[in-house]
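Novice: Next one to model:
(one chain, ligands or ions: 1)
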Amino acid sequence: MYIHKIGLISAMLAVLFLSACGSVREASSSNNQHGSHEAASSPASADGHSGHGGEMPKASPNLNASFTFGSASLKANESSELTIQIADGAGKPVTDFQVNHEKLLHLIIVNHNLSSFQHIHPAYQGNGKFTVSTSFDAGGDYKLIADFIPSGGTSTTLSQWVKVAGKEAEHTVLKADAKLQQEVSGKAVELSLSSIKAKEEVTLSFTIRDAQTNKEITDLQPYLGAVGHVVILSADAEQYIHVHPLEEKATGPVAKFATSFPEAGVYKLWGQFQHNGEVFTVPFVVNVK
Ligand SMILES: [Cu+2]
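Specialist: Next up is the predicted model:
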């Protein structure tokens, strides 16, 4: 099978620690063709030019990720095997990873307007290589974000934009939710933030109820070893923000997480929880001042 090499130079590492809590600014840039409504002739566009993070120390020395698909072109609703190869600046595979939330590598996939979200776990094949079967629910630009900790290193985020052929989701502007209340999978979830100011420590508190009875849910199950997981991205998907559960062993109805927003703007966040063996994902859009 023809292997299309998406990133000769993969997304450059530019993970910057902004606070002791570990908020990470992910300064990898990309060939993000927002506004282009044509399917690309090339299945994936990649341009991992270096970030803008020269003023702060790098968390890990020059790691690279190359994202390679097993099919010649990516099409909406067709699955394709993704290979992620992690290497150091000299091209030598990184072979030791630290288990973080039960996994060696977490892969987040979002589309250009953040309407699509996937959080999956590629399988480690050894020699710095991870594989997973992927599919995309529509055409457009998608960002692949690999989140891992090399042994002896620090939390690392490497990313790549790819182009998927097919009808695209609308190019809407992300708007903050008027009310931080959502209903998904039979759960009514309310979010409160201790602060909506940039550069401050923020506690995110999710309160989870049964949507039918309005009863608080007190028997959340651990998901990947914690009460829940939260992923935050800036509206342009350029900033990937790490979030830490405050009480890993909590079981509801409240799940709390600590984070910090690097700058003012609109952010989308996804909380993921498990109840009765089912993982549910609840999205919110917030405006940080
Ligand atoms: Cu994960």
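
Novice: what about residue 218, neighbour count?
Specialist: Using other Cβ atoms under 10 Å, residue 218 has 11 other residues around it. Just so you know, the C-beta spots here come from the backbone N, C-alpha and C atoms, and that holds for glycine as well.

Novice: Could you pull up the residues touching the closest residue in space to it that isn't next to it in sequence?
Specialist: Using Cβ to Cβ, 6 or more residues apart in numbering and skipping the chain neighbours, the partner closest in space to residue 218 is residue 252 (5.0 Å). Going by Cβ atoms under 8 Å, 6 or more residues apart in numbering, residue 252 touches 208, 216, 217, 218, 219, 220, 227, 273, 275.

Novice: again, only this time at 7 Å
Specialist: Under the criterion of Cβ atoms under 7 Å, 6 or more residues apart in numbering, the neighbours of residue 252 are 208, 216, 217, 218, 219, 220.

Novice: What subset of those is buried?
Specialist: For the contacts of residue 252, a burial check counting by 16 or more other Cβ atoms under 10 Å picks out 208, 217, 220.

Novice: want to throw these into JSON lines with distance to residue 157 and pLDDT?
Specialist: Formatted as JSON lines, the buried ones among the contacts of residue 252 follow (distance: Cβ to Cβ, whole Å; pLDDT from 0 to 100):
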{"residue": "208", "distance to residue 157": "27", "pLDDT": "98"}
{"residue": "217", "distance to residue 157": "31", "pLDDT": "98"}
{"residue": "220", "distance to residue 157": "27", "pLDDT": "97"}
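
Novice: How about residue 224, nearest residue that isn't a chain neighbour?
Specialist: Nearest non-adjacent residue to residue 224, counting by Cβ to Cβ, 6+ apart: residue 101, 4.3 Å away.

Novice: helix, strand or coil for the residue nearest to residue 218?
Specialist: What DSSP: H, G, I helix; E, B strand; the rest coil gives for residue 252 is coil.

Novice: Kindly state the domain boundaries assigned to this structure.
Specialist: 4-164, 181-288 (automatic domain parsing).

Novice: will you turn these into a markdown table that also has distance to residue 171?
Specialist: As requested, the domains of the chain are exported to a markdown table (distance: least, Cβ to Cβ, whole Å):
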| stretch | distance to residue 171 |
| --- | --- |
| domain 4-164 | 6 |
| domain 181-288 | 12 |
